[in-house]
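**Q** A structural model of the following input is requested.
(2 chains, ligands or ions: 2)
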Amino acid sequence: MDWFLQQFINGLALGSIYALIALGYTMVYGVLRFINFAHSDVLMLGAFAAYFIAPAAASIFGPQSYFGAFMVIMMAALICAAIGVTIEYLAYRPLRKRPKLTVLITAIGVSLFIEFTCQHKAVFGAETKPFPKLLPEQDFLLGGLTVNSNDLLVPLVTIMLLAVLWFIVQKTKIGTAMRAVSYNEQAASLMGVNVNRVITFTFAIGSALAAVAGILYAMKSPGIEPLMGIQPGLRAFIAAVLGGIGNLPGAALGGLVLGLLETFAGGIPSLSNYRDGIAFAILILILLFKPTGLLGKAQTEKV
Amino acid sequence: MLEVNNLTVQYGAIKALHGISLRVSQGEIVTLIGSNGAGKSTALRAISGLVRSAEGHITFDGQPITNLASHEIVQRGISHVPEGRMIFANLTVQENLKMGAYLRRDSDGIAQTMDYVFATFPRLREREKQVAGTLSGGEQQMLAIGRALMGQPKFLMLDEPSLGIAPILVKTIFEKIVEINREQKITILLVEQNAHRALDISHRGYVIETGRVILHDESKSLRTNPQVKSAYLGG
Ligand SMILES: Nc1ncnc2c1ncn2[C@@H]1O[C@H](COP(=O)(O)OP(=O)(O)OP(=O)(O)O)[C@@H](O)[C@H]1O
Ligand SMILES: [Mg+2]
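**A** Ligands and ions are numbered 1, 2, ... in the order given. Model (predicted):
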């Protein structure tokens, strides 16, 4: 039972991070119908932004203060929002009327470009850097269970961000415009929606969420390096597909399911080497029976 | 009010419009008739900025609007109810109507216009909270027109509002078009396959064939024109 709870908490924390990243993939897919492969690099850049801002924040707000950590995360989120918007503007917007395959290949190109530029000595360098402690970290003893305070914090932050996102998408004007663009871009523009602005907004939100996810992921990792986004990025992409690509609650659910599967499979000693294999086998099974994903509906063709 | 001069539109290598010219004055209902593939929808799409025009000029209220982005054209008071209605099937009836008022900031005014739309199409009020994808074809058409009215346009373009609708509803829709024109003082450009009804309610008409205007006149003259009668009015 303890083992089960322990794995559950770990899985929830990991799954929350996947969920935050998956939202970015699914939001961009919703408005533009392609997979932004550079999304995984935005989360890496978020971690690096925090890495460089953290010392300054520590000297102003004191080391490992909650407010300092909040400021670091906000700044990194803003920086990544700007980066995401710039990537869309420079790389994807000129190709808006081209076949989706062209844009997809461009996205892979952008991703490789960021990764290898950042690996250069003059930028971040390829070696792993220790990620600064942003928060006072504590291990609780809950019953027979050791719970790390960060592992509790991660799902809490995720739930908060999900609530904010839900409010934006369902209740605000720009959110309704996003849903309208996602359903039919031409019809939305006939209502007076500036489609480019909605797309910019989508990239900004998705990239800001990726920055937060990148920082949370870095806090759990031994260190950060320019290729650190690939693993969680790929998982999150799969989570988005699992949940039903284009569907926001689906992405969140898919992330949680994948995080839990991976953690439980990894926690059984005789299976731990096969944890990815098991997680993906279950994924393939789910998609065999429900090709549109857990919450996905059959997509009506975009006009 | 609207002036189109020598408008040419190309889809890739295919020329859909070969330099058409037309004029709509304030307060009029003008209709475009023509058979399938003549280029009627393309003309509306060029006016509302959904397709680029290769040549020609479009002016609205004396201002050039050629090749502006669609959202800028809406802002000037042109609403386009496109072919196939294009309602947001994933949003509720109310959300669809609110999308129609996207550029407006006056929430009192928006509520008033919504009341007017509900008074015009009572069926929509009954379905207010329903997801629009579950509406019948006729209800979706009412929603598409209502949504366009929400923006308080000066100029309304309707692309085949009677297509795929039960005959009794067709009569209602045409009555509403006249009502909108008379009572709201909205100028209307109407594309229709149902040439009978279109010529009945319009002031003037243009006949388009393979991307060219071949005839234009007062609607009452077009109704008795032998060429129009044999091609579009079934003898
Ligand atoms: N997106 C497109 N790509 C290529 N060709 C197109 C496209 N849209 C329309 N066309 C072509 O342009 C011509 C005019 O089409 P349009 O839709 O304007 O005709 P229409 O008069 O509205 O016909 P209908 O009464 O059937 O609606 C047709 O030959 C059509 O095949
Ligand atoms: Mg047409």
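**Q** any chance you could map the helices in chain B?
**A** B:40-47, B:70-75, B:93-100, B:107-120, B:122-126, B:137-149, B:167-183, B:195-201, B:219-224, B:226-232 (DSSP state H).
**Q** tell me the helices and strands packed up against the first one.
**A** Read that as helix B:40-47. In this structure, helix B:40-47 makes packing contacts with strand B:2-11, strand B:14-24, strand B:29-33, strand B:78-81, strand B:155-159, strand B:187-192, judged by 3 or more Cβ pairs under 8 Å, 6 or more residues apart in numbering or on different chains; DSSP states H and E. No exception for glycine: its C-beta is placed from N, CA and C like everyone else's.
**Q** pick the most buried one from the ones you listed.
**A** Of all these, strand B:78-81 has the most neighbours on average by mean count of other Cβ atoms under 10 Å in any protein chain shown, namely a mean of 27.
**Q** so what are the sheet partners of that strand and their directions?
**A** Strand B:78-81 sits in its sheet next to strand B:155-159 (parallel), going by DSSP bridges.
**Q** what sits up against the partner strand?
**A** B:1-2, B:24, B:40-41, B:44, B:47-48, B:60, B:77-83, B:145, B:148-149, B:177, B:180, B:186-191 (Cβ atoms under 8 Å, 6 or more residues apart in numbering or on different chains).
**Q** got the angle between that strand and strand B:14-24?
**A** For strand B:155-159 against strand B:14-24, the angle by axes from the mean of the first three to the mean of the last three Cα atoms, to 10 degrees is 140 degrees.
**Q** you'd agree B:Ile208 is up against B:Ser41?
**A** No. Contact criterion Cβ atoms under 8 Å: B:Ile208 and B:Ser41 do not qualify, at 10.4 Å.
**Q** ok, the two, which is more surrounded?
**A** Comparing B:Ile208 with B:Ser41 by other Cβ atoms under 10 Å in any protein chain shown, the one with more neighbours is B:Ile208, at 23 against 19.
**Q** which residues does that one contact?
**A** B:20, B:32-34, B:38-40, B:43, B:214.
**Q** tabulate the helices of chain B (TSV), appending mean pLDDT.
**A** Putting these into TSV (pLDDT from 0 to 100) gives the following:
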stretch	mean pLDDT
helix B:40-47	97
helix B:70-75	96
helix B:93-100	95
helix B:107-120	96
helix B:122-126	95
helix B:137-149	95
helix B:167-183	92
helix B:195-201	93
helix B:219-224	93
helix B:226-232	88
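**Q** can the ones you listed go into JSON lines with extra columns for distance to A:Leu43?
**A** As requested, the helices of chain B are arranged in JSON lines below (distance: least, Cβ to Cβ, whole Å):
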{"stretch": "helix B:40-47", "distance to A:Leu43": "40"}
{"stretch": "helix B:70-75", "distance to A:Leu43": "32"}
{"stretch": "helix B:93-100", "distance to A:Leu43": "32"}
{"stretch": "helix B:107-120", "distance to A:Leu43": "39"}
{"stretch": "helix B:122-126", "distance to A:Leu43": "44"}
{"stretch": "helix B:137-149", "distance to A:Leu43": "39"}
{"stretch": "helix B:167-183", "distance to A:Leu43": "51"}
{"stretch": "helix B:195-201", "distance to A:Leu43": "56"}
{"stretch": "helix B:219-224", "distance to A:Leu43": "62"}
{"stretch": "helix B:226-232", "distance to A:Leu43": "60"}
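**Q** so which of these comes closest to ligand 1?
**A** helix B:40-47 (3.1 Å; Cβ to the nearest ligand atom).
**Q** for that closest one, buried residues please.
**A** Of the residues in helix B:40-47, B:40-47 count as buried by neighbour count, 16 or more other Cβ atoms under 10 Å in any protein chain shown.
**Q** same question for stretch B:67-75.
**A** So, applying 16+ other Cβ under 10 Å, buried residues of stretch B:67-75: B:68, B:70-71, B:73-74.
**Q** excluding chain neighbours, what is closest to A:Ala208?
**A** A:Ala77 (4.0 Å; Cβ to Cβ, 6 or more residues apart in numbering or on different chains).
**Q** in three-state terms, label the one you found for me.
**A** Here A:Ala77 takes the helix state, with states given by DSSP: H, G, I helix; E, B strand; the rest coil.
**Q** what parts of chain B come near chain A?
**A** B:48-50, B:69-71, B:74-75, B:79-80, B:82, B:84, B:86-91, B:95, B:98-100, B:102-103, B:147, B:151 (Cβ under 8 Å from any Cβ of the partner chain).
**Q** buried subset of the residues you listed as a ChimeraX selection?
**A** Selection of buried members from the residues of chain B next to chain A for ChimeraX, criterion 16+ other Cβ under 10 Å:
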select /B:48,49,50,70,71,74,79,80,82,84,86,87,88,89,90,91,95,98,99,100,102,147,151
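**Q** skip the chain neighbours and tell me the closest residue to B:Leu68.
**A** That would be B:Gly49: by Cβ to Cβ, 6+ apart, it lies 5.6 Å from B:Leu68.
**Q** residues contacting the one you found?
**A** Contacts of B:Gly49 (Cβ under 8 Å, 6+ apart): A:189, B:65, B:67-70, B:72-73.
**Q** cool, and A:Pro63?
**A** By Cβ under 8 Å, 6+ apart, the contact set of A:Pro63 is A:Lys133.
**Q** what's it sitting at in phi/psi?
**A** Backbone dihedrals for A:Pro63, given as degrees, to the nearest 10, come out at phi -70, psi 140.
**Q** what do you get for A:Phe140?
**A** Dihedral pair for A:Phe140: phi -90, psi 150, per degrees, to the nearest 10.
**Q** was I right to think it contacts A:Asp151?
**A** No. Using Cβ under 8 Å as the test, A:Phe140 is too far from A:Asp151 to be in contact (9.7 Å).
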